[in-house]
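Participant: below is the structure, and that's it, no one-letter string:
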C-alpha cells in the first residue's frame, strides 16, 4: 500500500476568473463529473478545479470507519486538496476568494479539509456529507454510526464567519442525520455560519432548493 495513494491525483480545471472553487467528487465519480456540478452552481467568472482520486475513490471504507482505518487515504486526500487550493492561489486568488464544495464522499472530504485547515474560505458546500471518522472518543459504540464509537469533533482550527451549507436527506442510506447534525454543531463551535438543510426521505443527492442555496452562497 502506498503511503500517499493520491500523490499523482490529476487536477482538472475549468474556467478562469476572480473567484475560485475547489470541488471534490464522490466515490466512483471523476473530477469531470463534479465539475458539472460546479457549472450548475458557480457564478460566471469562477475558476474551478477538481482533484481526481486514485481509483475514483478517496478512501475504500465508509466515511464513518474508525480513524485508524482511514489512513493513509484520508491524509493523502487532504494533501490533494492542498494542491488544488495552491494551484488557485498561484493564479493570484486569496484563500478568502476560494470556496470548497463536494458531493457524497467528496462532501465529507471538503468538510474535513475545511475543519482541519481552517478559514477564511469564501464558503463551504457539502451535499450529502459529514465530518469524517469515528471511534476515537473512548465511549460506547453507537449503532447509528455503524456500530462504532463516536469521534471527538474538537478541531483546533477556526472558521470565523465562513458560510457553510450542509444539505442531506434525513434517511440518506450512507450519511446518518446524526452525523450531519453533529458536524453542524462542531463547525458552529469553530465560528462558521452554518445552514443545515435536512430533507425528509431516503434520498442520496441534492434536495429541493439545495442547488439554489449553493448558488446563493457562491454569489456572495
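Facilitator: Good, I have the coordinates. On a predicted model such as this, the values are computed, not experimentally measured, just so you know.

Participant: now residue 2. Nearest residue, chain neighbours left out?
Facilitator: Taking Cβ to Cβ, 6 or more residues apart in numbering as the measure, residue 2 lies nearest to residue 72, with 7.3 Å between them; neighbours along the chain are not counted. Quick note: C-beta positions are derived from backbone N, CA and C, even for glycine.

Participant: how far does the helix or strand bottoming out on mean pLDDT in the chain sit from its chain's centre?
Facilitator: Evaluated with mean pLDDT, DSSP states H and E, the helix-and-strand set of the chain has its lowest mean pLDDT in helix 67-70, which scores a mean of 93. Centroid separation between helix 67-70 and its chain, computed with Cα atoms, centre = their mean, to the nearest Å, is 17 Å.

Participant: same thing with stretch 146-153?
Facilitator: Averaged over its C-alpha atoms, stretch 146-153 has a centre that lies 19 Å from its chain's centre (Cα atoms, centre = their mean).

Participant: and the residue in the chain sticking out farthest from the centre, what does it touch?
Facilitator: Most distant residue from the mean C-alpha position of the chain: residue 140, 26.9 Å away (Cα atoms, centre = their mean). Taking Cβ atoms under 8 Å, 6 or more residues apart in numbering, we find residue 140 in contact with residue 149.

Participant: if I look at it, how far off is residue 66?
Facilitator: Between residue 140 and residue 66 the distance is 14 Å, computed by Cβ to Cβ, to the nearest Å.

Participant: again with residue 55
Facilitator: Counting by Cβ to Cβ, the gap from residue 55 to residue 66 is 21 Å.

Participant: quick one: which of these two has more around it?
Facilitator: Taking residue 55 and residue 66 together and counting by other Cβ atoms under 10 Å, residue 66 has the greater number of neighbours (17 against 12).

Participant: which residue sits closest to the more buried one, ignoring its sequence neighbours?
Facilitator: What sits nearest to residue 66 in space, not counting adjacent residues and going by Cβ to Cβ, 6+ apart, is residue 135, at 3.6 Å.

Participant: what separation is there between the one you found and residue 111?
Facilitator: Distance, residue 135 to residue 111, by Cβ to Cβ: 18 Å.

Participant: quick check: the residue nearest to residue 2 touching residue 4?
Facilitator: Yes. Residue 72 sits in contact with residue 4 when judged by Cβ atoms under 8 Å, with a separation of 6.6 Å.

Participant: shared neighbours, these two?
Facilitator: Residues touching both residue 72 and residue 4 (Cβ under 8 Å, 6+ apart): there are none.

Participant: OK, contacts around the residue nearest to residue 2?
Facilitator: Neighbouring residues of residue 72 by Cβ under 8 Å, 6+ apart: 1-5.

Participant: got phi/psi on it?
Facilitator: With angles defined as degrees, to the nearest 10, residue 72 sits at phi -90, psi 10.
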